[in-house]
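>>> any chance you can model this:
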Amino acid sequence: MAYIGQEPGLGQAQRSIFTAVAVTDTVTADDDGLPLNYTVGQVSVYLNGVKQVVGDDVVASNGSTLVFDDDYAIGDVIEVIALSTFSPADTVPASGGTFSGNVIMSGNLTVNGTETIVNTETLTVEDKNIEMGKVASPTDLTADGGGITLKGTTDKTIIWENDTDSWNFNQNIETSTTTKVKQKGAFMQSSTHQAMVLGG
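Have a look, this model is predicted:
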């Protein structure tokens with residue numbers, strides 16, 4: 001059995017030659033006695049140099065046997081070209097997969113799913129204005145309940161409440177000693193000696 005085709009790993013083809021010594025319709029091995037081995041749908045069969053139509057002239061359905069529609073004669077030469085399954089290395093199928101190394105994309109990335117999970121210790125975002133709650137027709141009602149949740153023993157949240165038209169912090173807010181806080185049109189400035197705490 002000889003090998004033809006590209007180098008191993010880039011797709012292969014095996015060539016088997018069988019010379020008939022009896023009148024029959026079946027081939028299971030080549031002239032050296034090596035059994036046929038092909039992938040269904042990836043085999044070509046020639047009888048005396050004439051390509052046979054698989055499914056009409058010859059049946060190749062089990063990977064190891066060829067059955068001709070008509071008996072071949074003594075001395076007929078049958079040539080079988082069996083193609084291997086081509087599987088390129090280092091690829092991820094379109095249906096999904098896993099990258100084990102770093103991945104850099106030079107273009108945009110669009111995720112059309114219902115969930116995006118980022119398992120990373122460091123998250124760096126160049127954009128200084130992050131949009132959330134971007135639905136087809138955003139309103140204050142669709143924004144209700146949106147915000148930021150910091151996980152801890154208890155969640156630390158900043159949540160927008162539509163009914164009060166305000167942000168709700170579930171933890172105290174402590175400013176630096178010189179921070180100015182604008183509230184209801186007026187300015188309040190914390191003491192230069194003591195931080196100001198908002199909330200309770």
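>>> can you list the domain ranges for the protein.
According to automatic domain parsing, the chain comprises the domains 2-83, 140-198.
>>> now the last one: mean pLDDT?
Domain 140-198 shows an average pLDDT of 78 in the prediction.
>>> and the first one, by the same measure?
Taken as a whole, domain 2-83 has an average pLDDT of 89.
>>> what are the phi and psi values at residue 140?
phi -60, psi -30 (degrees, to the nearest 10).
>>> now do the phi/psi pair for the residue lying closest to it once chain neighbours are set aside.
Among residues not flanking residue 140 along the chain, residue 162 sits closest, at 5.0 Å (Cβ to Cβ, 6 or more residues apart in numbering). Placement of C-beta: from N, CA and C, glycine included. Phi and psi for residue 162, reported as degrees, to the nearest 10, are phi -70, psi -40.
>>> these two touch, right, residue 162 and residue 133?
No. Using Cβ atoms under 8 Å, residue 162 is not in contact with residue 133; the gap is 11.4 Å.
>>> mutual contacts of the two, please.
residue 143 (Cβ atoms under 8 Å, 6 or more residues apart in numbering).
>>> re the thing from before, just put the domains of the chain in TSV and tack on mean neighbour count.
Shown next, in TSV, are the domains of the chain (neighbours: other Cβ atoms under 10 Å):
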stretch	mean neighbour count
domain 2-83	14
domain 140-198	11
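>>> now the residue nearest to residue 140: how far from residue 138?
As for residue 162, its distance to residue 138 is 12 Å (criterion: Cβ to Cβ, to the nearest Å).
>>> try residue 169
Taking Cβ to Cβ, one finds residue 169 at 23 Å from residue 138.
>>> mind checking the SS state of residue 45?
Using DSSP: H, G, I helix; E, B strand; the rest coil, the secondary structure recorded for residue 45 is strand.
>>> list the contacts for the residue nearest to it when sequence neighbours are not counted?
Nearest residue to residue 45 in three dimensions, chain neighbours excluded: residue 52, at 4.5 Å (Cβ to Cβ, 6+ apart). Contacts for residue 52 (Cβ under 8 Å, 6+ apart) come out as 45, 46, 58, 68.
>>> phi, psi for residue 52 please.
The phi/psi pair for residue 52 (degrees, to the nearest 10) is phi -90, psi 150.
>>> and it, how far from residue 13?
Applying Cβ to Cβ to residue 52 and residue 13 gives a distance of 17 Å.
>>> before we move on, the earlier item: among the domains of the chain, which comes closest to residue 120?
Residue 120 lies closest to domain 140-198 among the domains of the chain, at 14.8 Å (Cβ to Cβ).
>>> check the secondary structure at the most centrally placed residue in the chain for me.
For the chain, residue 96 is the residue whose C-alpha lies nearest the centre (Cα atoms, centre = their mean; 2.1 Å). Per three-state DSSP, the secondary structure class of residue 96 is coil.
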